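[1] sequence-free structure coming up:
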């Protein structure tokens, strides 16, 4: 048996509203849309399935609903600011080797955007 992927499913009253965040901010593409569920992905990326269980988000922050690794946290942070999104935790270099910030998606979920240094 092999786990092929792990997909978080976040509740939202209007999944279509997610496009402005997950597509415009992160450049993800809609890979499935049934109206009641919309899935975003980078169809060119390959990732290993992972799941994290935590008591906190690190540095005393709350546990984010999602952690999304990007290649340039500064660029995504700048885009988040230009889109008027709420930054929940500022852009910082953490002692465990990531540069990250938290941003709130349109449904209130806290998303950890990070890049390994």
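    Noted; the coordinates are in hand. Note that the structure is a prediction, hence the values are computed from the model and not measured. Residues are numbered from 1 along each chain as shown.
[2] Is residue 88 in a helix, a strand, or coil?
    Here residue 88 is strand, with the state taken from DSSP: H, G, I helix; E, B strand; the rest coil.
[3] Give me the pLDDT value at it.
    On pLDDT, residue 88 comes in at 98.
[4] How many neighbouring residues does the nearest residue to it once chain neighbours are set aside have?
    The shortest distance from residue 88 to any non-neighbouring residue, by C-beta to C-beta, 6 or more residues apart in numbering, is to residue 102 (3.9 Å). (C-beta placed from N, C-alpha, C; glycine too.) Number of residues near residue 102 (other C-beta atoms under 10 Å) recorded here: 21.
[5] Equivalent analysis for residue 114, please.
    20.
[6] Local confidence estimate at it?
    With respect to pLDDT, residue 114 has a value of 96.
[7] isn't there a strand covering residue 113?
    Yes. Counting by three-state DSSP, residue 113 is part of a strand.
[8] how near is the residue nearest to residue 88 to residue 2?
    According to C-beta to C-beta, to the nearest Å, residue 102 and residue 2 sit 32 Å apart.
[9] what's the span of stretch 106-115 from first residue to last?
    The separation between the terminal residues of stretch 106-115, taken as C-alpha to C-alpha, to the nearest Å, is 22 Å.
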